[in-house]
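Asks: Got a predicted model here, sequence first, then my questions.
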Amino acid sequence: MRYLSLLAVTVLALALLTGCSDDTSDPVAVTSPAAAVPLNLDDLATALTDMELKDLTPDDTAGLVYMREEEKLARDVYLTFADQYALNVFTNISASEQKHMDAVLLLLDRYEITDPIGDNAQGVFQDETLQALHDDLIATGGESLEEALLVGCAIEEIDILDLMSYSAETTPADILLVYGHLLAGSSNHLRAYVSQWEQATGQTYEPRYLSVEDFEAIMAATNGHGGQGRGGHRGRHGGGDGSCRN
């Protein structure tokens, strides 16, 4: 599973650097809830304490370690862009990505798995592929606001694919619970970035990693704040102002 994710992020980096579009994607159905409830870490921690501990497979463990750093990559990239462009969407979603990191950490602590982040500062990663990807994304998004928003769209598409893939290959209910929250939040993030990019460019965003069917399902869904995606509004609402904090 981890190798699939590594391949996905490597393709992401190459596609962004060359300006190419990749229409291929993993044909897996979107399973995130249409309405994403804002992530409350205290409630999540309480729910986890009532769930049975399972014997994790090596793939389960590797997936949690990887997702912990993948969520950090998203947070760190968005923090950099928030400083550079002073746009609310980057500030708000970077805070949401911190919650996603903390949610995965709950599982790492629960199963006594060593945290790959430790005391690493912003922009520093244990995984060499994620380190290289982070550096490439910062350089690409630094070219313009439009490119930075496009980076946000790509990160969220890949994050959704990875979460769906890991969810399909694991069975512990506690892991699925956390991944479900992250998947719903990432769907909200994608709607927000797509809306901002379309407003900035006057163009219609086309998915590069998700299938068109899965992408349109996400865009049409209602987010966790009562707004809608593309269902009649082309993503202009539904967190398009960067207000989502899932």
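Replies: Looks like it came in fine. Values in this document were obtained by computation on a predicted structure and should not be read as measured data. Residues are numbered from 1 along each chain as shown.

Asks: starting at the chain centroid, how far to stretch 169-182?
Replies: Mean-position distance between stretch 169-182 and its chain equals 15 Å (CA atoms, centre = their mean, to the nearest Å).

Asks: Stretch 92-105 now?
Replies: For stretch 92-105, the distance between its averaged C-alpha position and the chain's averaged C-alpha position is 10 Å (CA atoms, centre = their mean).

Asks: Equivalent analysis for stretch 192-212, please.
Replies: Here stretch 192-212 shows a centroid-to-chain-centroid distance of 15 Å under the convention CA atoms, centre = their mean.

Asks: Provide the secondary structure category for Gln203.
Replies: Look at Gln203: counting by DSSP: H, G, I helix; E, B strand; the rest coil, its state is coil.

Asks: List phi and psi for it.
Replies: The phi and psi torsions at Gln203 (degrees, to the nearest 10) take the values phi -110, psi 170.

Asks: That one - how many residues pack around it?
Replies: A total of 10 residues lie near Gln203 under the criterion other CB atoms under 10 Å. All C-beta spots, glycine's among them, are computed from the backbone N, C-alpha and C.

Asks: Use 2 as the first number from now on
Replies: Let's use 2 as the start, then, which means that last one is Gln204.

Asks: residues in contact with it?
Replies: In this structure, Gln204 makes contact with Trp198, judged by CB atoms under 8 Å, 6 or more residues apart in numbering.

Asks: quick one: it from Trp198, how far?
Replies: Between Gln204 and Trp198 the distance is 8 Å, computed by CB to CB, to the nearest Å.

Asks: cool, and Leu80?
Replies: Noted for Leu80: a distance of 19 Å to Trp198, by CB to CB.

Asks: what does Phe91 give?
Replies: Taking CB to CB as the measure, Phe91 falls 12 Å from Trp198.

Asks: hey, what's in contact with both of the two?
Replies: Taking CB under 8 Å, 6+ apart as the contact rule, the neighbours common to Phe91 and Trp198 are Gly153.

Asks: Among Leu80 and Trp198, which residue is more densely surrounded?
Replies: Between Leu80 and Trp198, counting by other CB under 10 Å, Trp198 is the more crowded of the two (24 against 19).

Asks: how many other residues sit next to the residue nearest to the more buried one when sequence neighbours are not counted?
Replies: Spatially, and ignoring its direct neighbours in sequence, Trp198 is nearest to Leu150 (4.1 Å; CB to CB, 6 or more residues apart in numbering). Counted with other CB under 10 Å, the burial measure for Leu150 works out to 27 neighbours.

Asks: what does Ala221 give?
Replies: Tallying neighbours of Ala221 according to other CB under 10 Å, which is how burial is gauged here, yields 17.

Asks: ok, how many other residues are close to Thr172?
Replies: 11.

Asks: The one 3 residues further on too?
Replies: Here the count is done by other CB under 10 Å, and Asp175 has 20 residues near it.

Asks: what residues are up against it?
Replies: Asp175 is in contact with 49, 52-55, 108, 111, counting by CB under 8 Å, 6+ apart.

Asks: I'd like these laid out as CSV, including secondary structure and distance to Pro117.
Replies: Written out in CSV, the entries for those read as follows (DSSP: H, G, I helix; E, B strand; the rest coil; distance: CB to CB, whole Å):
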residue, secondary structure, distance to Pro117
Leu49, helix, 20
Met52, coil, 23
Glu53, coil, 25
Leu54, coil, 21
Lys55, coil, 21
Leu108, helix, 13
Arg111, helix, 16
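
Asks: how about these, which pair is most distant?
Replies: The largest separation in the contacts of Asp175, counting by CB to CB, is between Glu53 and Leu108 at 13.5 Å.
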